[in-house]
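1. Need coordinates for the following:
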Amino acid sequence: MKTEKEKMLASELYDPLDEQLSAERRKARLLTERLNQSRDDEEELRKEILAELIPDAGEGLWLQPPFYCDYGSNMKVGKKVFFNFNCVVLDVAQVTIGDNVLFAPNVQVYTATHPMDWKVRAEGLESAKPITIGSHVWIGGSVVICPGVTIGERSVIGAGSVVTKDIPADVFAAGNPCKVIRKLDAKENPIQ
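-> This is a model prediction of the structure:
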């Protein structure tokens, strides 16, 4: 029989009030609280907190507090990733972020979702779908990335967009819902 955590990570319906999951979320909240209360000149303290909060992070992760996440442990973060002020990552399912990704302020990354059937929803069950963001992506301010989305490498997502479907590599996409506006050429994206 699967644990609630195993169900959660397998994108199956699970009970979020499970004792293990509740304890893991509490740990993440306490760590983010410490991070968010740290001073800007406490770089070593912030590195220690981040190493515990997001153990699968590449070198050069920079989170500008405040920052919030559900678990932290369900995030795989590449090298030189930057989160600007007030970002939220609901990492109920795996969130995979490539190298050199930039998140502007107020970006929201949501793997968590709820059943459309109100009867199942009333039982308190929920699920999640993983999110993948390729390397060299720039996510504009106040973007919302919905469950199950993949954003291709070197793409740019315009400010205020709501990303509900996959976005290919090497494009500028924007809007609500987010859609491809145009391809980016080699001069705009020299790293390929």
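2. The helix ranked longest in the chain: how far from the chain's middle?
-> The single longest helix within the chain, with elements called by DSSP state H, is helix 19-37. Computed by CA atoms, centre = their mean, to the nearest Å, the chain-centroid distance of helix 19-37 equals 16 Å.
3. mind listing what's buried in that helix?
-> Buried residues in helix 19-37, counted by 16 or more other CB atoms under 10 Å: 21, 24, 25, 28, 31, 32, 34, 35. All C-beta atoms are positioned from the backbone trio N, CA, C, and that covers glycine.
4. And residue 167, its phi and psi?
-> Residue 167 adopts backbone torsions of phi -120, psi 130, taken as degrees, to the nearest 10.
5. residues touching it, list them.
-> Counting by CB atoms under 8 Å, 6 or more residues apart in numbering, residue 167 makes contact with 149, 150, 151, 152, 155, 157, 173, 178, 180.
6. I'd like the buried residues of helix 19-37 as CSV, with distance to residue 100 appended.
-> Conversion of the buried residues of helix 19-37 to CSV gives the following (distance: CB to CB, whole Å):
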residue, distance to residue 100
21, 32
24, 29
25, 29
28, 25
31, 25
32, 24
34, 27
35, 22
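7. Distance of the nearest residue to residue 142 once chain neighbours are set aside relative to residue 60?
-> Closest residue to residue 142 apart from its sequence neighbours, by CB to CB, 6 or more residues apart in numbering: residue 106 at 4.3 Å. As for residue 106, its distance to residue 60 is 22 Å (criterion: CB to CB, to the nearest Å).
8. Settle it for me: which of the two has more neighbours?
-> Each of residue 106 and residue 60 has its neighbours counted (other CB atoms under 10 Å); residue 106 has more, 17 against 13.
9. Let me know the pLDDT of that one.
-> Confidence at residue 106, expressed as pLDDT, is 98.
10. now residue 185
-> 84.
11. again with residue 127
-> At residue 127, pLDDT is 97.
12. other SSEs contacting the strand or helix carrying it?
-> Here residue 127 sits within strand 127-128, counting by DSSP states H and E. Here strand 127-128 touches strand 112-113, going by 3 or more CB pairs under 8 Å, 6 or more residues apart in numbering; DSSP states H and E.
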